[in-house]
Structures are given as structure tokens and as C-alpha cells.
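In: Okay, sequence plus prediction incoming.
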Amino acid sequence: LLTGRYVKLEDVSGAMEGRFSTRFDDALGSTVKAGTELYRSIYARPAIFDGMDVLRRACSPEIPPNANDEADAVLTEESDSTVGGIRVRVEIREVAPRQA
């Protein structure tokens with residue numbers, strides 16, 4: 001759930017691979033089920049997805065549509081070094097506004 005692979009409750013019930021899929025039950029062979037229904041009963045609840053959505057929105061920066069415009073990029077750091085006899089130059093540019 002934390003990876004964003006399952007964003008909606010329906011993503012869990014319709015999973016074609018992973019621990020929420022019916023194929024996961026066959027992971028231990030045909031005589032023992034791996035626990036698809038157990039995982040679904042624990043994690044596939046609206047309250048969990050509502051909470052994950054709150055966290056996702058709180059952690060996502062609001063980036064304006066033109067944020068990737070390199071003309072507006074601000075050089076924040078640059079360095080030169082030599083690695084294995086090869087000169088390496090690194091430039092870090094910010095294209096999105098700084099977070100408070």
C-alpha cells in the first residue's frame with residue numbers, strides 16, 4: 001500500500017499479481033493457501049485507504065504545470081571532481097518552488 005501500487009480499494013480486489021491476487025494463494029503449492037483472503041481482510045478496508053490518501057496528499061508537493069521549464073531553473077549547487085581519472089561536473093537545479 002505504501003508504494004502506491006494500490007491507490008484505491010478496487011486495486012486490491014482486482015489485483016492480478018502480488019499478495020492481494022488470487023495467484024498469490026498458489027505460491028506455496030496447491031495444498032496450502034498463502035493467504036490472499038487474510039491479506040485482503042487486514043488491508044482492504046476503506047479507513048486504511050482514506051488514511052493513505054491523507055498521507056499521500058500531505059507528502060506530495062504542489063508543483064505548478066510549468067515547473068519543468070528549464071529556463072526558470074535555479075542553480076542551487078555545482079561541483080567538479082575527478083572519478084577514476086574522469087572529470088565529473090554536477091549541477092543541481094531546482095525547477096519547482098521550495099517547500100516550506
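Out: Yep, it's here.
In: give me the number of residues near residue 73?
Out: By the criterion of other CB atoms under 10 Å, residue 73 has 15 neighbours. Glycine gets a C-beta too; all of them are placed from N, C-alpha and C.
In: Return stretch 48-55 as PDB; C-alpha atoms alone will do.
Out: What follows is stretch 48-55 as a C-alpha-only set of coordinates in PDB (Å, rounded to 0.1, in the frame of the first residue of the first chain):
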ATOM      1  CA  ILE A  48      -6.800   2.400   5.500                       C
ATOM      2  CA  PHE A  49      -7.200   3.800   2.000                       C
ATOM      3  CA  ASP A  50      -8.600   7.000   3.300                       C
ATOM      4  CA  GLY A  51      -5.700   7.400   5.700                       C
ATOM      5  CA  MET A  52      -3.200   6.600   2.900                       C
ATOM      6  CA  ASP A  53      -4.800   9.200   0.700                       C
ATOM      7  CA  VAL A  54      -4.400  11.800   3.500                       C
ATOM      8  CA  LEU A  55      -0.700  10.900   3.800                       C
END
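In: longest helix anywhere in the protein?
Out: The helix of greatest length in the chain, counted in residues with DSSP state H as the criterion, is given as helix 46-59.
In: Same question for it: list its buried residues.
Out: 49, 52 (16 or more other CB atoms under 10 Å).
In: Give the next helix or strand downstream of that helix.
Out: Using DSSP states H and E, the helix or strand that follows helix 46-59 towards the C-terminus is strand 74-83.
In: What angle do strand 74-83 and the very next helix or strand once past that next one make with each other?
Out: Reading on from strand 74-83 to the C-terminus, the next helix or strand found by DSSP H and E is strand 86-94. For strand 86-94 against strand 74-83, the angle by axes from the mean of the first three to the mean of the last three CA atoms, to 10 degrees is 160 degrees.
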